[in-house]
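**Q** What follows is a protein structure lacking sequence information:
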């Protein structure tokens, strides 16, 4: 039994310019103590996909499909019901630690508020538990620092506070939306190492949303690659990195600089992302793909399972013709 099972999710937004089909027929699953990376360029539908899990989509959105947590359907639950799942069972770390914290409230109040609201404990006990959690995410001198304001923390320290906040209710799943945005490379590595330590200590499952393939390897068990609101490739991270089976995945990997190579210029994927207001009939990546065939422009490829590890892809090109 999967801890989280997402099937055939479709998300649409009604806008003044027309209907935006943000996510189209996306499926994945997550097991206990497992980590999943959802990777893709900006606008690929990653964040909206996980927002649908916690009922955080905007009012102009409509969503269909199935999302089951511990075998219970949670998609489109009433606010009162989904509020019981937020933080208690599934927590989220929002993008950009610089703006996620309330600048007018002390860290102590922001952390304690979570426990008082969701667990109904006293302010005194909530403060003690908050200090213990800051210690757990390796914030030095947490007993004193907890009474500071967010502007007194560095970007990396604020991200640690956000991680601590997500852990307060001991959730089964933590969703991290671009957790290394605006952080320098050294701090990025520290944050990803912290996630790995937390997973071992708290037996938590993780969903990591990122456009940076460089932080996924060695961090996540599985990787889901999205483009234009659709799944391009999905499978064990080791397989996706060492044996990528979709031209888009190969393109993303080639954009990540390697320390064992010299570059005259950094590689990019040519072309521009598709217009989500006017989706193509065929593969959404076709216009940017060097392997484009006529049938790629006229109909969508189905998702196929290519090996016993449940490595999947949505591409018509024979695997033998891919240049990796």
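**A** Arrived safely. Quick caveat: nothing in here was measured; it's all calculated off a predicted structure. Numbers count the residues shown, from 1 in each chain.

**Q** Leaving out chain neighbours, which residue sits closest to residue 293?
**A** In space, not counting the residues next to it along the chain, residue 293 is nearest to residue 316; the distance is 6.7 Å by CB to CB, 6 or more residues apart in numbering. All C-beta atoms are positioned from the backbone trio N, CA, C, and that covers glycine.

**Q** Repeat that for residue 49.
**A** Per CB to CB, 6+ apart, closest to residue 49 is residue 23, 5.2 Å.

**Q** What is the neighbour count of the one you found?
**A** 27 (other CB atoms under 10 Å).

**Q** where along the protein do the strands fall?
**A** Chain-ordered strands for the chain, with DSSP state E as the definition, fall at 4-15, 18-30, 35-39, 61-69, 72-73, 90-93, 173-177, 205-210, 222-227, 230-236, 304-305, 312-313.

**Q** Centroid-wise, who is the farthest residue in the chain?
**A** The C-alpha centroid of the chain is most remote from residue 124, which lies 33.7 Å away (CA atoms, centre = their mean).

**Q** and that residue, what is it in contact with?
**A** Applying CB atoms under 8 Å, 6 or more residues apart in numbering, one finds that residue 124 lies in contact with no residue.

**Q** Look up the closest residue to residue 217, ignoring the ones flanking it.
**A** In space, residue 217 comes closest to residue 241 once its chain neighbours are excluded; the distance is 5.4 Å by CB to CB, 6+ apart.

**Q** picking that back up, quick check: which of the strands of the chain is nearest to residue 188?
**A** Comparison of the strands of the chain against residue 188 by CB to CB identifies strand 205-210 as nearest, at 10.2 Å.

**Q** Now do the helices in this structure.
**A** Using DSSP state H, the helices of the chain run over 46-53, 79-85, 97-100, 107-119, 123-136, 142-145, 155-167, 185-202, 237-242, 247-254, 294-298.

**Q** For the residue nearest to residue 49, list the residues it contacts.
**A** Contacts were defined as CB under 8 Å, 6+ apart; by that measure residue 23 touches 9, 10, 11, 45, 48, 49, 52, 63, 229.
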